[in-house]
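K.L.:
Test case, fold it:
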Amino acid sequence: MTTQCHKPKRRHPGWRMLLAGSLMASLGVSESAPPPRRVTNPPPPAAQAPAEAPIAPQPKVEEAPATQGRTYNLTLKQLGLNYPMTLRGVDGSDTVNFNVRADEIVTKASLKLYYAYSPALLPEVSHINVMVNEGMTATIPVPKETAGTELERDIDIPPRLITEFNRLRLQLIGHYTYQCEDPLHSSLWAKVSNASVLELQTTPIALYNDLDILPLPFMDRRDPRRINLPFVFGNKPDGTALEAAGVLASWFGATAAYRGARFPVQFEGAIPAQGNAVVFVIGRTSTLKPDGTDISGPTLSMVPNPNDPTAKLLLVMGRDSKELKIAATAVSVGSQALSGQTASITKLETLAPRRPYDAPNWIPSDRPTPLGELATPLALNASGFNPPPIRVDMRVPPDLFGWREGGVPVNLKYRYTPQPNLWASTLLVNVNDKFAKSFSLLPLQTMGDSQGLLSKMLADDTLPVEARFELPLSMIAPQTRLDFRYMYDVNKQGECRDVILDNVRGAIEPDSTIDISGFSHFIAMPNLGVFRDAGFPFTRMADLSETAVVMPDAPSAAEITTYLEILGRMGASTGYPATGVQVVTGSAVESASDKDLLLIAAGSNLPLLKQWSNYLPASFDGGRRFAISDLAYKTWDLFSPDPDVRKRQARLDMLFKSNGQSGIFAGFESPLKGNRSAVLVWGVDGDSLLDNSSALLGGEDYDDYEVVAGSLTTVRGKQVDALVNEQTYFVGSLGWFRNIQWTLSRHLGVFMMLSVLSAILLAVLLFLILQAKARRRLPE
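P.N.:
Residues are numbered from 1 along each chain as shown. You can find the predicted model right below:
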């Protein structure tokens, strides 16, 4: 990729002048300006807020008119605290990290704390400390009168303590007697609810107009909230322009990761009144093109939002839709190389084709995966007698086939500090909050010379251990979390002699591995569950090069928004932009016969659905027809690892008419080619279609068991119901021998019957042959 970068000398007042200043004057001509300081990614959570951390420098900003401040309310759960804090002992503490966006400064902060504490605490010598970046914010007394009850307290946090990356720590100083005490006595506790709310009042600041800071400010990794980024089109986009928008949506979705992303669509160049946006400028006659500016090729530019001077617009420009897609592809795969306010893409080489299952976010299917590729070395360490679990998150291809296979091999290498003579210390291994394995941490007294363990002790007094075991494949989900929790026993020496020394450590070695290379890729379809969790089967190719999205001839804003948000979710799964996706209309669907199909429509906008009504588990002409099975009453079966258990054939065909809002997800085999998949996302109207997108993104408004699954799912507002799970075909490959085994096992009864019939026919045929020979010998 070759770019020409242009930087402005000054800010230009006025919308048209702003846009004019954002574009290059001509190819090969650039203006210089001081480059902004690069904004680095945040460090790992454990290192986000060291003691007495200096205030981190902000990106270079421009002066801007005063803008109304913003107020954010974030629960501790939204900040990553999945469970309530439990503080134990004479000095127990826990932390949660929070960050501040690069384009904001905090002017006021407070914490609404929901907490409770033990009735055994002595008020005179016990209290709860609240600290931000190790700076004392408040000390909460623990009077006897309110002990053991749920309490609420508002705590003001001085803004001077808050930097870009922050650590909120709560500490219990607890005592239950004035005499000698057990420092880990069960009566020494305090609990802090993860529903406690951190409120931040901020003032926005304008970052410098430079592509160097992308994806800032459109997606800020410091912000844990779901991103909301409008996409603005001057006119109704064609298929190629939609492909360009899909590339960017999937890229922003990949950078947003767990947060999720919404992409509301606006037409006719309606620039948002506030906030950031992506604006697509096509052709010299576009209403968004700056006056006096000639668009001479694929171009990217970052300019202020004329309605909100502290926000930014990312202009994606080209003389036609093809150049628009080139510009979008350049920013999605080469943003690290861009700089300056404006960049003209003069050359973009054809990207090398991707291979199946090579998504950057998915662990490899052809080799063991070191855990050091999934977590930083710092995150693989733990300290203390009861530290938080070491967490390793990974994404796994959802079509691993475990029939007659063992578990997933794990080669675990870990270290720990041996205790003198205690046998109860343990390392627990959990998978998605379910127990998987435990290892005893042997004490020093067992390490005689005959075992040679003492000779293995490292310089830091930790003992390296290697263990091989297998995890059941049924425990491995498309999004899997491994938790390694060290639990050390405490050596109690008697009254007035117990002292807790924080001198125990544990670590998971980065060269520990997990290996899925021994499993075939083979799965029964349709399966909307893997579509929900991983965007499968479309994400089998990380760039969606075997995916075609079928849209109406004139898609509405809601239909385009749904398309962009689904591609954003697929980008979050793969970690790669959808540079190969194809968008076609229903009338041109035959051109995509060799691809998996994603159909998106509201109402009767897509006539193709009427033509394909015989292939769908639901239809919508002359009313609404749904097939319903027992799955609606056995939702827990959706989570069984056995496909035969999950399977629920339709038992009822229902037709009705209604003016209520509803939408569906339907999976079926592509009518154009066998073993190719099709997924339909349909709504009665635009609002119902957006409800479908919300259900796919999920969140706290949805119950864990109300999910998109099976082969047919209905969505009515926030209510999601899986109705049918008819699996009619398979995708993937088993190899010829395993395929024969699998086929025979699926149809064993038929095979036995055919075998018996074949044996009978063979016996009859043999009898007739022998009888004929005997007759010929009779005259002789």
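
K.L.:
Find the residue at the geometric middle of this structure.
P.N.:
Taking C-alpha atoms, centre = their mean, the centroid of the chain lies closest to residue 258, which sits 3.7 Å from it.

K.L.:
Tell me where the model's unsure across the chain.
P.N.:
1-68, 284-294, 446-459, 492-501, 619-661, 705, 746-751, 779-780 (pLDDT under 70).

K.L.:
Please enumerate the helices of it.
P.N.:
Per DSSP state H, the chain has helices spanning 15-22, 239-256, 321-334, 528-534, 557-574, 608-611, 643-646, 686-697, 736-746, 748-777. These are given in chain order.

K.L.:
Make a markdown table from those and add distance to residue 75 and mean neighbour count to it.
P.N.:
Yep, even glycine has a C-beta here, placed from its N, CA and C like the rest. Shown next, in a markdown table, are these (distance: least, C-beta to C-beta, whole Å; neighbours: other C-beta atoms under 10 Å):
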| stretch | distance to residue 75 | mean neighbour count |
| --- | --- | --- |
| helix 15-22 | 38 | 19 |
| helix 239-256 | 19 | 26 |
| helix 321-334 | 32 | 22 |
| helix 528-534 | 25 | 24 |
| helix 557-574 | 22 | 26 |
| helix 608-611 | 41 | 16 |
| helix 643-646 | 34 | 14 |
| helix 686-697 | 18 | 22 |
| helix 736-746 | 47 | 12 |
| helix 748-777 | 53 | 10 |
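
K.L.:
nearest to residue 410, of those helices?
P.N.:
When these are compared for distance to residue 410 using C-beta to C-beta, the nearest one is helix 528-534, at 21.5 Å.

K.L.:
one step back: quick one, which of the helices of the chain is nearest to residue 427?
P.N.:
For residue 427, the closest of those is helix 528-534, at 28.8 Å, according to C-beta to C-beta.

K.L.:
looking at it, residue 545 is touching residue 353, isn't it?
P.N.:
Yes - under the criterion of C-beta atoms under 8 Å, residue 545 is in contact with residue 353, at a separation of 7.1 Å.

K.L.:
Show me which of these two is the more surrounded one.
P.N.:
When residue 545 and residue 353 are compared for neighbours, residue 545 comes out ahead with 16 against 9, by other C-beta atoms under 10 Å.

K.L.:
residues in contact with the more buried one?
P.N.:
Contacts for residue 545 were tallied using C-beta atoms under 8 Å, 6 or more residues apart in numbering; they are 353-354, 579-581.

K.L.:
Let me know the distance separating it from residue 176.
P.N.:
Residue 545 sits at a distance of 65 Å from residue 176 (criterion: C-beta to C-beta, to the nearest Å).

K.L.:
quick one: the residue nearest to residue 114 when sequence neighbours are not counted and residue 151, what's the gap?
P.N.:
Residue nearest to residue 114 in three dimensions, not counting chain neighbours: residue 193, with 4.0 Å by C-beta to C-beta, 6 or more residues apart in numbering. Here residue 193 is placed at a distance of 10 Å from residue 151 (C-beta to C-beta).

K.L.:
Now do the shared contacts for these two.
P.N.:
Taking C-beta under 8 Å, 6+ apart as the contact rule, the neighbours common to residue 193 and residue 151 are 114-115.

K.L.:
So for those two, which sits in the more crowded spot?
P.N.:
For the pair residue 193 and residue 151, the greater number of neighbours falls to residue 193 (19 against 14), based on other C-beta under 10 Å.

K.L.:
Before I go, just wanted to say thanks for your time.
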